[in-house]
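A.B. asks: all I have is the shape, not the residue letters:
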């Protein structure tokens, strides 16, 4: 039996709305790479040097995705054309949302939330 449910996280909507308010553009598809780069100041890169699917490296302002897990038949496409990488980057940003908010604040105001 296949069960579906709708799960929505208001924090995810808030991040998307904040991005759209600052930069504009269509709501869908969600501009994952642009949110990471423009709003949070993070690069999304593939790495052969990690042993998990993906991770946030805040000191390097980078999201690393495991290159060994990337589908080889679609490389090299932009991130927005690769569902696995988009979903993984969204998950990493969402899981680290408090840190992501701090990175966004630092990017916009030049200071950490801890300094306020």
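C.D. replies: Thanks, I have the structure now. Not measured: the values here are computed from a predicted model.

A.B. asks: where along this structure do the strands fall?
C.D. replies: With strands called from DSSP state E, the chain shows them at 43-47, 54-57, 62-66.

A.B. asks: and these, which is most packed in?
C.D. replies: strand 62-66 (a mean of 21; mean count of other C-beta atoms under 10 Å). For every residue, glycine as well, the C-beta is placed using N, CA and C.

A.B. asks: who does that strand touch, helix- and strand-wise?
C.D. replies: strand 43-47, strand 54-57, helix 83-95 (3 or more C-beta pairs under 8 Å, 6 or more residues apart in numbering; DSSP states H and E).

A.B. asks: would you reformat these as a markdown table and include mean pLDDT and distance to residue 30?
C.D. replies: Listed next are the helices and strands packed on strand 62-66 as a markdown table, based on pLDDT from 0 to 100; distance: least, C-beta to C-beta, whole Å:
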| stretch | mean pLDDT | distance to residue 30 |
| --- | --- | --- |
| strand 43-47 | 91 | 14 |
| strand 54-57 | 88 | 17 |
| helix 83-95 | 80 | 7 |
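
A.B. asks: turn the ones you listed into JSON lines, columns for distance to residue 65.
C.D. replies: Below are the helices and strands packed on strand 62-66 laid out as JSON lines (distance: least, C-beta to C-beta, whole Å):
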{"stretch": "strand 43-47", "distance to residue 65": "5"}
{"stretch": "strand 54-57", "distance to residue 65": "4"}
{"stretch": "helix 83-95", "distance to residue 65": "6"}
